[in-house]
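Asker: just coords:
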Ligand code: HEC
């Protein structure tokens, strides 16, 4: 399907949706189209390059929230599917209960809903269209978009990795206890360590038995920013 056809389909659905979903026009307008496309023409959306950077940004934020906050209960849920039916209203209350800042943000609620739907259908993390930094080293500015604003919990795709021995290094703005997780694309936990860093830095050697996509997740005990992340290897 051509992008224009997909956009027309999305526009048609948009018109047929209850007003409550559409009235917050500015943030919703930014984000509503990819959500609708996801429902209406998922394959098309995934096959086509994203057009507006603003849409990407919005989805990155939601994916990070989902994979830190919601993942505590919904990680690796690979069965059933969701639909925009009457259950959506109660799901919204549930979403806001678990993530207060989503209150009143229809675009965010819809994206979080769509991300769980994607996980259930595809048994996979929602794809994030984000570039990998050179040498797999992330600085403070890049890291900001992968963290939740309040808790400073992080979810970062590390990209495709070869099997082998690696070293993960992270730097925090202040010393605090952290839980570091590395999860592969089929939700297998490669690393799950709770550590008190030595000062503000932490080095964690790990071994990847199988090549594949890897994801980094960090829970901080109190809201402390991650200022550097680097993955060295394989050796
Ligand atoms: C403390 C655990 C917990 C957390 C955290 C949590 N949920 Fe849930 N959620 C559940 C349970 C339990 C159900 C009902 C059983 C089910 O459908 O999995 C549920 C149901 C749902 C449903 C409806 C599923 C369906 O099939 O109808 C949606 C949508 C949902 N959650 C989204 C979220 C989102 C988005 C977040 C993050 C903001 C979140 N949940 C955080 C436990 C949790």
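Answerer: Sure thing, it's come through. The structure presented is a predicted model; accordingly, all values stated were derived computationally and were not measured.

Asker: On the pLDDT front, check the closest residue to residue 76 other than its chain neighbours for me.
Answerer: The spatially closest residue to residue 76, leaving aside those adjacent along the chain, is residue 187, at 3.8 Å (CB to CB, 6 or more residues apart in numbering). Using the backbone N, CA and C atoms, a C-beta is placed for each residue, glycine as well. If you check residue 187, the pLDDT there is 96.

Asker: how close does residue 187 sit to residue 119?
Answerer: As judged by CB to CB, to the nearest Å, residue 187 and residue 119 stand 9 Å apart.

Asker: Secondary structure element for the residue nearest in space to the middle of the chain, which one?
Answerer: The residue lying closest to the centre of the chain (CA atoms, centre = their mean) is residue 63, at 2.2 Å. In this assignment (DSSP states H and E), residue 63 forms part of helix 53-65.

Asker: coming back round to it: looking at residue 187 and residue 119, which one has more neighbours?
Answerer: residue 119 (23 against 16; other CB atoms under 10 Å).

Asker: Identify the residues contacting that one.
Answerer: Contacts for residue 119 were tallied using CB atoms under 8 Å, 6 or more residues apart in numbering; they are 74, 76, 77, 78, 125, 126.

Asker: So which of those residues would count as near the ligand as well?
Answerer: residue 74 (CB under 6 Å from any ligand atom).

Asker: can you tell me which of the contacts of residue 119 are in strands?
Answerer: Assignment to strands by DSSP state E places none of the contacts of residue 119 there.

Asker: Any of the contacts of residue 119 buried? List them.
Answerer: Buried members of the contacts of residue 119, counted by 16 or more other CB atoms under 10 Å: 74, 125, 126.
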